[in-house]
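Engineer: I need the structure of the sequence given here:
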Amino acid sequence: MPTIENVKRQMEEALEAVRREFSTVRTGKANAAVLDTVRVEAYGSSLPLNQVATVSAPEASLIVVQPFDASLIGEVEKGILQADLGLNPSNDGQIVRVPVPPLNEERRQEFVRVLHKMAEEGRVSIRHARREGNDEIKGRMKEGELSDDEGRRAMDEIQKLTDRYTGQIDDLLATKEKEVLTL
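Structural biologist: Numbers count the residues shown, from 1 in each chain. Prediction:
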């Protein structure tokens, strides 16, 4: 049934979006994904950092950014500062070093609140996909394309998918929250 496949695809996309968003929230350890949201002014437009530089985390407390074009080093540093990640980059003319300070308790709690907000947005997307699928099934039942039993079975299947994907988001949230709160 194409409706259920569409709903499943939308829910899978919502789950992936939450995974991507969670990867941008920093924990106590250096993680190159923290800089995924950074934009750099280069060549007359605003580009994602990973398109103008190599980003790596060689140590637990340091992220290193190596611009492909050395003339962009100032813009890379500026982009990291403007991303408001609480990081203070410094450059030596060749690479940008971004020390990752240990998180204090207040900052950890703030990140946990951000994670909860991201998770709720993901759950809302999943519920939205459920509502669209159920509406389509109800419409097909009204048109006579589906019997009441088939429609009920399809809506039950959509509810099972909803429960499964919201559960996965809850699991991701619990794991990431533990990561952020662990000293």
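Engineer: flag every buried residue along the longest helix anywhere in the chain.
Structural biologist: The single longest helix within the chain, with elements called by DSSP state H, is helix 105-143. Within helix 105-143, the residues that qualify as buried are 108, 111-112, 115, 118-119, 122-123, 125-126, 129-130, 133-134, 136-137, 140-141, counting by 16 or more other Cβ atoms under 10 Å. In this view, the C-beta of every residue, glycine as well, is placed from N, C-alpha and C.
Engineer: tell me the contacts of residue 122?
Structural biologist: Residues in contact with residue 122, defined by Cβ atoms under 8 Å, 6 or more residues apart in numbering, are 14, 15, 17, 18, 21, 169.
Engineer: show me how far whichever strand or helix holds the fifth one is from its chain's centre.
Structural biologist: Pointing back at residue 21 there. Element membership of residue 21 [criterion: DSSP states H and E] is helix 2-23. The gap between where helix 2-23 is centred and where its chain is centred comes out at 12 Å by Cα atoms, centre = their mean, to the nearest Å.
Engineer: use 6 as the first number from now on
Structural biologist: From this message on, residue numbering opens at 6, which makes the last subject helix 7-28.
Engineer: still on that earlier bit, got the angle for the longest helix of the chain vs helix 7-28?
Structural biologist: For helix 110-148 and helix 7-28, the angle between their directions (axes from the mean of the first three to the mean of the last three Cα atoms, to 10 degrees) works out to 170 degrees.
Engineer: which strands and helices sit next to the helix or strand just after helix 110-148?
Structural biologist: Scanning forward in sequence from helix 110-148 by DSSP H and E, the next helix or strand is helix 153-186. With contacts taken as 3 or more Cβ pairs under 8 Å, 6 or more residues apart in numbering; DSSP states H and E, helix 153-186 sits against helix 7-28, helix 110-148.
Engineer: measure residue 99 to residue 79 for me?
Structural biologist: 12 Å (Cβ to Cβ, to the nearest Å).
Engineer: residue 67 now?
Structural biologist: Separation of residue 67 from residue 79 (Cβ to Cβ): 20 Å.
Engineer: which ones are touching the most centrally placed residue in the chain?
Structural biologist: The structure's the chain has its C-alpha centroid closest to residue 26; by Cα atoms, centre = their mean the separation is 1.4 Å. Taking Cβ under 8 Å, 6+ apart as the contact definition, residue 26 lies against 123, 127.
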